[in-house]
Each structure stands twice: as C-alpha cells, then as structure tokens.
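# next come a sequence and a model predicted from it.
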Amino acid sequence: MATPSRSEILTLFRSLLRSARQFPDYNIREYTKRRTIDAFRHNKTLSEPSSIAAAFSDGQSQLQVAKRQAVVYSLYAPKIKSIMDIKH
Amino acid sequence: MASKIIASTVRRSLSPKLLPLIRPLSTAAAAAAPAEPYDTSAGISMKGVKISGRPLYLDMQATSPVDPRVLDAMLPYFVSQYGNPHSRTHLYGWESDEAVEAARAQVASLINASPKEIVFTSGATECNNISVKGVMHFYKEKKKHVITTQTEHKCVLDSCRHLQQEGFDVTYLPVKSDGLIDLNDLRNSIRSDTGLVSVMAVNNEIGVIQPMEEIGEICKEFGVPFHTDAAQALGKIPVDVNKWNVSLMSLSGHKVYGPKGVGALYMRRRPRIRVEPQMNGGGQERGIRSGTVPTPLVVGMGAACEIAMKEMEYDGKRAVKLKDRLLNGIRDRLDGVVVNGSTERRYAGNLNLSFAYVEGESLLMGLKEVAVSSGSACTSASLEPSYVLRALGVDEDMAHTSIRFGIGRFTTEEEIDKAIELTVNQVEKLREMSPLYEMVKEGIDIKSIQWSQH
C-alpha cells in the first residue's frame, strides 16, 4: 500500500465533510462532520507509513458508506424537519 | 341460508382485491415519491399535540437510531442476498450463512466469547425468557430456587412470576438507595437448590452498573449459574463474559444502534449451561431457538457490535461530557434536582433526574419538543411511579417527578443546551403554579403537613 500524499488526504477530508452535508437528518449530519474532524485530528500524529495508509483506506471506505447512505437518507427524509434545523 | 353465506364470503373475498384495482399503486406511489420540499410553517399534529418540528431525541434507553454504517451493511441482504441461511443446496443459502457466521463472530468478539457460544434470537426479552425459564425447566429435578433483584427489567420479573406459579421459589433481592444490590444479601440468599442468579448489568431506568465481577465471583464460589441482562451495557461499558463469569447473557440489537427485532444470547460452553428451548421447530441455532435466522437483522447487529467496539471509547467520553453539560446546566438554574441511583457507578448516557415539587406527567407533557420518558418505555403508559424508583426507596412524590435523559452517539451539544432551556422553563412554569413550592419557599416543611383530617 502506497502512502497517500498530503493533498490526497486533504481531498478525502473535504469529501467526507461534503458528504456529511448531504444528510437531511440533523443528528447524522452533525455526527458525520464531528466524527470526521475528530478522526483526522486523532490520526494527525501518525508517522508510520503503514498506519497512515491503513487509516487512509479506512477513511476511503467510510466515504463510500457516507455517499451511499446520504442518498438513502434523502430518499426517505421526513417531511417535517428536526426542531434543531428550524431557525427561530 | 347457504346462498347468503356464499354471497357474504364472495363479497368479503372480493372487496379487498377490488380496492387496489380502483386505485392502482396508490399507496406504493405515495411512498416512492421523492421527499417533498420542507414546509416548516405547518408543523406536526399528532395525538392532540402540536409541534413545529420533530422533537430532539433523548430517549436512547428506549431505543437508539440505526447507525448509517449499520444500515449500509444490512441493505444488500434486503435487496439481492435474500437466501435462507439454512439452505444448504445453493449459493443463496451459502452466502447468507456466511454473513450470519461473520455477524456471530462480530458479536462474540465484543463480549470476549467464542462465536459458538452465541445464539441469535428476536431480542433481549426472548433471551431473558430462555435464560430464566429455560434453565430452571431444564434443571427442575434438582433446582427449585431463583435469585433476582427488584429492579430487573419486566421480562425477567414476569418470567420469575411465571416460574412461581409453577411452584418454583424466587428471591427478589432488595437494592440499596443507590440502586446497587448488597453482596452479603446475595451470598445469604443462595441455597443448595438455587438454580440461577439473574442480575442486570446496567439498569434501563436509572443507569446504575451492578458490581458484575463480584457477583460472578460469588456465583462461581457456590457453583450457581449466573445470568445477566446486558442489553443496556453492550457497547457502552466493557463487557467480558470471562471477567464477569456469566453463564448466560442477554443482548439486544436496537440498543447499540442496530436494528429492532434481533438479539443474541450468550451461553457458556465450559462449564456447559443447558436450557430447555422456549421455541420448538426446525432446530436452528442448535435447537435452542428454532425459526429462520433473519439474515439482514443479524448482519445489522454484527455490524453494530463491530462499530461499538471501535467507537466505545470515543462515544463513552462524549457521553460523559454531554451528561456533565446537561446536569450542570440544569443544576445551575434549578434547585431541588436529584439524580436517582448511584452517582459513581453509573453509565453516563443515562441520567435519571427527579424535579422536586413538580408533577412528572405534566412536565413530560410540557416538554413536547424533547423526546424523553419518565422511565422504561414498557411502563410509560401508566401513571404509577416506577417500581425501580420505589425499590430504591425514593419518596412517592419524588418518584412521580422523574425524567430519564438518554444521551447517545448522535446527540449534540446544541441539543443538550436546548433540552436544558426547555426543561428549566417548564419546571419554573410548573413551580410558579405549585402551592407546594410556594410553601417550601416560605420555609414550611411539606413532610410535616397533615393532608387529610381523619
């Protein structure tokens, strides 16, 4: 497994945040965003090339899940928003 | 007469078939239609309650939402891989069987067991029934006595009632005011004919964690099988069947962000524990639980357990943080707030609070925009105070005012802040109306009041 470059990692990070925004569900959207940021922050100190590559491929598969599920969630989004999404 | 019967049966059998013909695909078309643009002004009106949006969810002990990663694992088994895992003659069966076995291994590794010790069931209630009734029925020649606690889940208590009717003897251990059992009480209650000790790991209503290792130690000493209902513990606190020395353990899928309708029973192989099956049939799951194993649900439970293992530390830290935020936020602005159950030995995601001088049901009614409950979902329909709080010795008036806040993986800081704001406003509003609160503020001890003059 080749070690991903800095720009590849940043692209993955941005793609994850972008797919997080696609979730119509308030809680899942916030969770995906928060979990992405926390996971990248947690893995910031990784130096071993193999563990960087492992974390990167894990992130990539999470991105695929998020992309698929964002579609499923928008297909069945409830008509009424969460009160957390309603601006007072 | 005969013609009348024929005519009515014809009418009965025809009418439902005719209806869909008149409106072809009406319901299916509605369900498949893409989500309409949001209309925020309308709001929802259900059961006479009007709310502007979907309430924020703080009832994680009743059930948790399905994690999108779990749903992602399940969908293929709904869509294309629909085989019966017990079909031995074709690919459909083999792939389903493989998925079920993989899920079994995922569940087993979360509790440090062997996959061979896991039996899939329909949920923790079924597991508890198999454990309590199944064990006692199997060993009924020699063992006639069961020990459990007063704060168990209804399904364990009800199974015990059932055994009592059959002539078995049941000891319901009392709990201390912090919700934990007294280990000496347990030791003294064990008899030579005790066939089972059943103590739940994390209480569903108050979230206290029983001293599992110590109870396991006592059961080992006396050679009594130990069963625990760990539905609320799985994925939230570290669960280890060997450390706890349990013989049987009940697990549920929908409390760990998995699907509803699936659970797993851990059954120790060495020393072997045997049960009488409560469901007879095709001999699936080694004859302990006959009936086709629901592949998609089981796969979902497996995925949920794997995620829970990876995320336990992260989720746990968050639950503690959010619980502190909630408790401090409420305590900063309200007096007379009591945490029910032990404050040290508890799972952070379950915060059961009593608000003095407020009527619990009116508080719940007022909190329309927060989905919380007064205790267990099973008993939330009744106005009776919770039997768990009564077992703790909580005063009747305080037991009536309890609210359980359940914090989970998807709960946000903003939700907690909103919940604090809504709860505080509602409690203040109700206290303003309460003559009791006024009297307390004037310095009258309400316990000294003589209410009736008999």
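That came in fine, so what should we check first? Numbers count the residues shown, from 1 in each chain, chains lettered A, B, ... in the order given.

# drop to CA atoms for contacts and neighbour counts, all remaining ones
Will do.

# pick out the residue of the stretch 351-454 of chain B closest to chain A.
Minimum separation of the stretch 351-454 of chain B from chain A (C-alpha to the nearest C-alpha) falls at B:Phe410, amounting to 5.4 Å.

# and the closest residue to B:Pro68 other than its chain neighbours, what does it touch?
Nearest non-adjacent residue to B:Pro68, counting by C-alpha to C-alpha, 6 or more residues apart in numbering or on different chains: A:Gln69, 6.2 Å away. Shown in contact with A:Gln69 (C-alpha atoms under 8 Å, 6 or more residues apart in numbering or on different chains): B:Pro68, B:Arg69, B:Asp72.

# wait, the second one touches A:Gln64, no?
I take that to be B:Arg69. No - with contact defined as C-alpha atoms under 8 Å, B:Arg69 does not count as touching A:Gln64 (10.2 Å).

# more crowded one of those two?
B:Arg69 (19 against 14; other C-alpha atoms under 10 Å in any protein chain shown).

# need the contacts of A:Gln69 in CSV (columns: distance to B:Glu101, secondary structure and pLDDT).
Formatted as CSV, the contacts of A:Gln69 follow (distance: C-alpha to C-alpha, whole Å; DSSP: H, G, I helix; E, B strand; the rest coil; pLDDT from 0 to 100):
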residue, distance to B:Glu101, secondary structure, pLDDT
B:Pro68, 22, helix, 98
B:Arg69, 19, helix, 98
B:Asp72, 18, helix, 98
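
# could you check how far the residue of the stretch 351-454 of chain B closest to chain A is from B:Val107?
Between B:Phe410 and B:Val107 the computed distance is 22 Å (C-alpha to C-alpha, to the nearest Å).

# likewise B:Ser64?
18 Å.

# quick one, domains of chain B?
B:68-307, B:311-443 (the TED database).

# and these, which one is worst for confidence?
Confidence, taken as mean pLDDT, is least for domain B:311-443 of these (a mean of 90).

# ends of that one, what's the gap?
49 Å.

# ok, now stretch B:391-411?
30 Å.

# now that stretch: buried residues?
B:391-394, B:397-411 (16 or more other C-alpha atoms under 10 Å in any protein chain shown).

# same deal with stretch B:96-112?
Buried, per 16+ other C-alpha under 10 Å, within stretch B:96-112: B:96-97, B:99-112.

# how about stretch B:317-324?
Counting neighbours by 16+ other C-alpha under 10 Å, stretch B:317-324 gives B:Arg318, B:Ala319, B:Val320, B:Leu322, B:Lys323 as buried.

# try stretch B:273-282
B:Arg274, B:Val275, B:Glu276, B:Pro277, B:Gln278.

# which residues does the closest residue to the first one other than its chain neighbours contact?
What it means is B:Arg274. Leaving aside its sequence neighbours, B:Arg274 sits nearest to B:Val135 (C-alpha to C-alpha, 6+ apart; 6.4 Å). When contacts are counted by C-alpha under 8 Å, 6+ apart, B:Val135 touches B:Gly195, B:Leu196, B:Ile273, B:Arg274, B:Val275, B:Glu276.

# host element of B:Val135?
Secondary structure assignment for B:Val135, by DSSP states H and E: helix B:135-138.

# circling back: the buried residues of stretch B:391-411 in strands, which ones?
Among those, the ones falling in strands (DSSP state E) are B:Ser402, B:Ile403, B:Arg404, B:Phe405, B:Gly406.

# any idea which of those residues is the one closest to A:Arg14?
Nearest to A:Arg14, judged by C-alpha to C-alpha, of those is B:Gly406 at 31.8 Å.

# and the residue of the stretch 351-454 of chain B closest to chain A, its phi and psi?
Per-residue torsions, B:Phe410: phi -100, psi 10 (degrees, to the nearest 10).

# quick one: contacts for it?
A:Asn27, A:Ile28, A:Glu30, A:Tyr31.

# ok, which of those also contact chain B?
For chain B, the contacts drawn from these by C-alpha under 8 Å from any C-alpha of the partner chain are A:Asn27, A:Ile28, A:Glu30, A:Tyr31.

# please verify my assumption that the third one contacts A:Ser19.
Right, the one you point to is A:Glu30. No - counting by C-alpha under 8 Å, A:Glu30 stays clear of A:Ser19, with 11.3 Å between them.

# and the two? which has more neighbours close in?
Per other C-alpha under 10 Å, whichever of A:Glu30 and A:Ser19 has more neighbours is A:Ser19, with 21 against 18.

# am I right that the more buried one sits in a strand?
No - read with DSSP: H, G, I helix; E, B strand; the rest coil, A:Ser19 is helix and lies in no strand.

# which pLDDT value belongs to the residue lying closest to it once chain neighbours are set aside?
Among residues not flanking A:Ser19 along the chain, A:Lys67 sits closest, at 5.8 Å (C-alpha to C-alpha, 6+ apart). Per-residue confidence (pLDDT) for A:Lys67: 98.

# tally of neighbours for A:Lys67?
Around A:Lys67 there are 18 residues (other C-alpha under 10 Å).

# also the one 3 residues further on?
In terms of burial, A:Ala70 registers 21 neighbours under the definition other C-alpha under 10 Å.

# what's it sitting at in phi/psi?
Residue torsions, per degrees, to the nearest 10, at A:Ala70 are phi -60, psi -40.

# could you do B:Ala303 as well?
Dihedral angles (degrees, to the nearest 10) for B:Ala303: phi -60, psi -40.

# that one: neighbouring residues, count only.
27.

# residue contacts, it?
B:Ala303 neighbours (C-alpha under 8 Å, 6+ apart): B:Arg69, B:Val70, B:Ala73, B:Ala103, B:Gln106, B:Gly258.

# sorry, back to before: return the most buried member of the domains of chain B.
A comparison of the domains of chain B by mean neighbour count, using mean count of other C-alpha atoms under 10 Å in any protein chain shown, puts domain B:68-307 on top with a mean of 20.

# next, the distance between the ends of it.
Using C-alpha to C-alpha, the end-to-end distance of domain B:68-307 comes to 11 Å.

# equivalent analysis for stretch B:266-281, please.
21 Å.

# give me every residue in the stretch 301-450 of chain B lying close to chain A.
For the stretch 301-450 of chain B, the residues in contact with chain A (C-alpha under 8 Å from any C-alpha) are B:Glu369, B:Arg409, B:Phe410, B:Thr411, B:Thr412, B:Glu414, B:Glu415.

# pretty sure the first one contacts A:Ile83?
It refers to B:Glu369. Yes - between B:Glu369 and A:Ile83 there is a contact at 7.4 Å, judged by C-alpha under 8 Å.

# perfect, that will be all.
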